[in-house]
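Visitor: coords please:
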Amino acid sequence: MMDIQITCKECGSSVDINPTLDASKAQCEVCQHVTPVKFTPAHVEGRLEECPVCSRQDFYKQKDFNRKIGVTLFVIAAILSIWTYGISLVVLYLLDVFLFRRLAMVAICYKCQTNFRSITNMNEIRDFDHEMNDRIVYSDHDFKGKPLSH
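Guide: Residues are numbered from 1 along each chain as shown. Alright, predicted model coming up:
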């Protein structure tokens, strides 16, 4: 079953929800803010075709790892490299290779940053595209699920 993680627009907390056809809202447990959602039969089947929060069709995939933890580990390894003569960076690299092979993929909506795990059509989701992200975030361009073309 698809797992969906919405970021609360009021407090930034994570709101976890599983898709059902009768669900119409997701409520934050921290600030009680209600986010309207609209699930389709495709969501219930585990297929990601449109975002239930913002109704967009533009998604990207990445490894399911917290970016803040990754940056923190890099900063620590870089600082320690002064005393370890760079060995801490090699250790971090080996840890990164290990995690890269073990972690699953997650799909993310460009517009609202909703995370989707355990979807059946992950191979149809493209990798992150910086230009697409900038056009969606800063000019509200809607690609309707199509890849960026020049």
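
Visitor: what about stretch 137-144, distance to the chain center?
Guide: Centroid separation between stretch 137-144 and its chain, computed with Cα atoms, centre = their mean, to the nearest Å, is 17 Å.

Visitor: which residue ranges form the helices in the chain?
Guide: Along the chain, the stretches classed as helices by DSSP state H are 41-45, 67-84, 87-102, 130-139.

Visitor: reformat the ones you listed as JSON lines; add mean pLDDT and distance to Ile6.
Guide: C-beta here means a position set from N, CA and C on the backbone, and glycine is covered the same way. Below are the helices of the chain laid out as JSON lines (pLDDT from 0 to 100; distance: least, Cβ to Cβ, whole Å):
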{"stretch": "helix 41-45", "mean pLDDT": "91", "distance to Ile6": "13"}
{"stretch": "helix 67-84", "mean pLDDT": "94", "distance to Ile6": "18"}
{"stretch": "helix 87-102", "mean pLDDT": "94", "distance to Ile6": "25"}
{"stretch": "helix 130-139", "mean pLDDT": "93", "distance to Ile6": "17"}
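
Visitor: the ones you listed: which one's closest to Asn123?
Guide: helix 41-45 (15.7 Å; Cβ to Cβ).

Visitor: give me the buried positions along the closest one.
Guide: For helix 41-45, the neighbour count (16 or more other Cβ atoms under 10 Å) marks 42-43 as buried.

Visitor: and for that helix, what's in contact with it?
Guide: With contacts defined as Cβ atoms under 8 Å, 6 or more residues apart in numbering, helix 41-45 is touched by 2, 19-21, 48-49, 52, 120.

Visitor: out of these, which are buried?
Guide: Buried members of the contacts of helix 41-45, scored by 16+ other Cβ under 10 Å, are 2, 19, 48, 52.

Visitor: with distance to Arg135 and pLDDT added, can I get those residues in a markdown table?
Guide: What follows is the buried ones among the contacts of helix 41-45, written out as a markdown table (distance: Cβ to Cβ, whole Å; pLDDT from 0 to 100):
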| residue | distance to Arg135 | pLDDT |
| --- | --- | --- |
| Met2 | 27 | 88 |
| Pro19 | 28 | 90 |
| Leu48 | 21 | 93 |
| Pro52 | 22 | 94 |
